[in-house]
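Trainee: Fold the following, please.
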Amino acid sequence: MNKKNSIIAIKTLLLLFLSVIAISVLIQTVNAAEITSAELDKDTFLAGQTGSISVDVYNDRTENIRVTELSAKVEYYYDDGTVYVQTFFTGEELPHEIEAGTTETFQVQISLPTNIAPGYMDFVVVARTEMWVNILERWIANDNPNYHVNLYVESPYKQSYEESLDELQNSQLQLEAQEEANRNLSVTATMLGVTTLALGAVTAVLLFNFRRPRPVAS
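Mentor: The predicted model follows:
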């Protein structure tokens, strides 16, 4: 009897072990989540600016999944050549469930240091997800989809040059506008002078004719 019970217990443990292996293989080989897009809120940044990355996470499974962590990791250089690695996390409340076949959008706020070196840099956006497994009645860690986003930091010298160029163009436009106003004023003054002289001449003629003695009829 004990031998029979031992065989049953061994078979049960073996079945449970195989089930766990099968579930682990299934979870490792099936992608439940996909980052379909990740976009910055502007194309070009300046040193010290802040911004955000809009991330779309899609659930391609028939069961619900949930996002437990969403981050954007970047490696950049300071002006002195020092390399620095920084990770930004979403400020939204997690974990966040995503229904089967639907997409949820998350925001990751980023902030650049004031002494960052100009040029391109690569943000790696990663979403850590879990999948609901009915047979275990629990959430199980699933795949971690990622997405690369390029960010460009403009040189402060270029910025200063463009600002100076804008100021020069604005000054030129203001000067041209002032010259145009002066020309208009000059034309107006000339026309006013001519009109005044004409009115004066007409008035003088009228007064002369009015005051000239008329001949007496004989």
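Trainee: wait, residue 92 sits on residue 108?
Mentor: No: the criterion here is Cβ atoms under 8 Å, and residue 92 misses it with residue 108 at 9.1 Å. In short, each C-beta sits where N, CA and C put it, glycine included.
Trainee: More neighbours: which of these two?
Mentor: Set residue 92 next to residue 108 and count neighbours by other Cβ atoms under 10 Å: residue 108 wins out with 23 against 13.
Trainee: and whichever strand or helix holds the more buried one, which strands flank it?
Mentor: In this structure, residue 108 is located in strand 103-111 according to DSSP states H and E. Using DSSP bridges, the strands paired with strand 103-111 are strand 50-59 (antiparallel).
Trainee: can you give me the offset of the partner strand from its chain's centre?
Mentor: On the basis of Cα atoms, centre = their mean, to the nearest Å, strand 50-59 sits 10 Å off its chain's mean C-alpha point.
Trainee: quick one: contacts of it?
Mentor: Contact with strand 50-59 is made by 32-42, 45, 65, 67, 70, 72, 90, 98-112, 123, 125, 127, 129, 145, 147, 149, as judged by Cβ atoms under 8 Å, 6 or more residues apart in numbering.
Trainee: list the buried ones in that strand?
Mentor: Within strand 50-59, the residues that count as buried by 16 or more other Cβ atoms under 10 Å are 52, 53, 55, 57, 58, 59.
Trainee: ok, the fifth one to residue 103 distance?
Mentor: As for residue 58, its distance to residue 103 is 5 Å (criterion: Cβ to Cβ, to the nearest Å).
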